[in-house]
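**Student:** Build the 3D model from these lines:
(chains A and B)
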Amino acid sequence: MKLIFNILKTLLALLGLAGVSTLVATVQIRRLTGAQATPTSTDVTSGSVHAGTQDANTSPCRIPVPTSGSNYSFWVNTQLHCTVAPDNSLTNVFFYTDGANGFGTDVTAIVSTASTYASALGAAGSSGSLLNQTNHASLTGATSNLFLYTSSCKLTVAGSIAATTGSFTNRVVYQLIVASNASAGNTGGELMTWTFDEA
Amino acid sequence: MTWESGIYWIAHYDNGLPPTDQRAGATYADIDRDQLAAFGLYKDDQPIILVDFRDDSNGDSEIGPKRLIWRMRHKQDSSGQHITIHLVGWQRKVAGRNVQSICYVNEEGTIILGGQWLEDKPLMHAIVPLECEADLK
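**Tutor:** Residues are numbered from 1 along each chain as shown, chains lettered A, B, ... in the order given. Okay, here's the model as predicted:
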C-alpha cells in the first residue's frame, strides 16, 4: 500500500501536479491575557513581553520598589501556537534563558509551567499576586529561579501537535520580583528561547 | 511568517523502488523504513549529506539494523531570531544497547557529526520518537 502511495506521489511530481516546495511549519510565541474562560492570545514572537503591574502586554509596566518585602509583576503566560501545520508533528518543546539575570539588583524572576491558563492576579499599579500553586492551581510544579534554565539545563514544556494548527504547549508562566534595594527605572531586557522538533 | 526551507530530503531504496521525495509531497511517515537504502538531504538539487542504511552487520546478530532519525529542530527566541537545523542519522541496537549517530546540518550546509545525545548541549538533546519510529523505542 505504502509503495503504491509513494509511486503515486512521485508520478504526480513528475507530471507537475504536486507541490515541489517543502513548506515548514510556522510557530508563534503567544502571550495570553484577559479573562480565564476567553483569554486573548497575542503574537509576541518578535516583540517585547512587558511584565508589570497590569495584565495587558503594554508599556510602561512599572512595579513599585517597596520599602520592605517584595512587589511582584502580574504573572506572564506564554505558549507556542502553530499557524502553518507541520507534515507530521511538532514535539519535544523546551524553554530557557541565557542564565544571567540582567534585571539588576534586587530584581529576580521565577518560572513554572501550567497545564491550563489562569488570569494573572493582583492589584493593578501596585503588585501582582505571588506566582505559586496556591494562587495558580494548574501550575505543574513549584516555581524556580527563571535563570536556572539555560541551553544546558532546559525547562521541559509538555505538549505536541499533529498535522494541524493551534496552541500546543503547556503555558510557561513567569513573574518578576522587585525587592527594596532595586533601582528605580527600566530594567534591561532578557531573551527567552524556545526549541522544538518538527517532522 | 511562512517560509520555505531550502533543504529537502529524499529516501532511496534498494530493489528498484522509486524514491520517496519530500518535494513531491511525501511526509516523513511515508518512508518505507524496512526498504531504506539511503536517506539524503539536498539543496538546489545537490546532495548535502547521504546516510547509508544498507545492512552492514556482516552477519553479527548483536548488531541491529540502522533506524532512520530525521528532524528539523527549531530554536526561536523572543527577539524574533529563528534558527533551524536538520538532524539526520540513525539509531541501532548493539548488544542490546541503543546507540546513535546523528549529523547536525544547518541551513548553510555546515555539518557536525555527533554521537550519543548530549542533553546539556544546545540543540543536541534527544528526540521524542514518533509513531512511525516505533522501532526506536
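
**Student:** residues in contact with the closest residue to A:T156 other than its chain neighbours?
**Tutor:** In this structure, A:T156 finds its nearest non-sequential neighbour in A:F94, 6.1 Å apart by CB to CB, 6 or more residues apart in numbering or on different chains. To be clear about C-beta, it is placed using only N, CA and C from the backbone, and glycine gets the same treatment. By CB atoms under 8 Å, 6 or more residues apart in numbering or on different chains, A:F94 lies in contact with A:K154, A:L155, A:T156, A:V157, A:W194, A:T195, A:F196, B:H125.

**Student:** With B:P65 instead?
**Tutor:** Applying CB under 8 Å, 6+ apart, we find B:P65 in contact with B:F53, B:D55, B:S57, B:R92.

**Student:** What is the burial count for the residue in chain A that chain B sits nearest to?
**Tutor:** Chain A approaches chain B most closely through A:S46 (2.8 Å), counting by CB to the nearest CB. For A:S46, the neighbour count with other CB atoms under 10 Å in any protein chain shown is 15.

**Student:** I'd like to know the phi and psi angles of it, please.
**Tutor:** In terms of degrees, to the nearest 10, the main-chain angles of A:S46 are phi -130, psi 30.

**Student:** Verify the stated contact: it with B:G80.
**Tutor:** Yes - in this structure, A:S46 sits in contact with B:G80. The criterion is CB atoms under 8 Å, and the distance is 2.8 Å.

**Student:** residues contacting B:Q81?
**Tutor:** With contacts taken as CB under 8 Å, 6+ apart, B:Q81 has no neighbouring residues.

**Student:** Likewise for B:R33?
**Tutor:** B:R33 neighbours (CB under 8 Å, 6+ apart): B:R67, B:L68, B:C132, B:D135.

**Student:** If you check chain B against chain A, which residue is the closest one?
**Tutor:** Among the residues of chain B, B:G80 lies nearest to chain A; the distance is 2.8 Å by CB to the nearest CB.

**Student:** How about the residue sitting nearest the centre point of chain A: which residues does it bridge to?
**Tutor:** For chain A, the residue sitting closest to the mean C-alpha position, by CA atoms, centre = their mean, is A:T78 at 2.9 Å. When bridges are called by DSSP bridges, A:T78 pairs up with A:R31, A:V172.

**Student:** most neighbours, which of the contacts of A:F94?
**Tutor:** In terms of neighbours by other CB under 10 Å, the contacts of A:F94 top out with A:F196 at 28 neighbours.

**Student:** pLDDT value on the residue of chain B positioned farthest from its centre, please?
**Tutor:** Farthest-out residue of chain B from its mean C-alpha position, per CA atoms, centre = their mean: B:S79, at 28.9 Å. The predicted local distance difference test score for B:S79 is 89.
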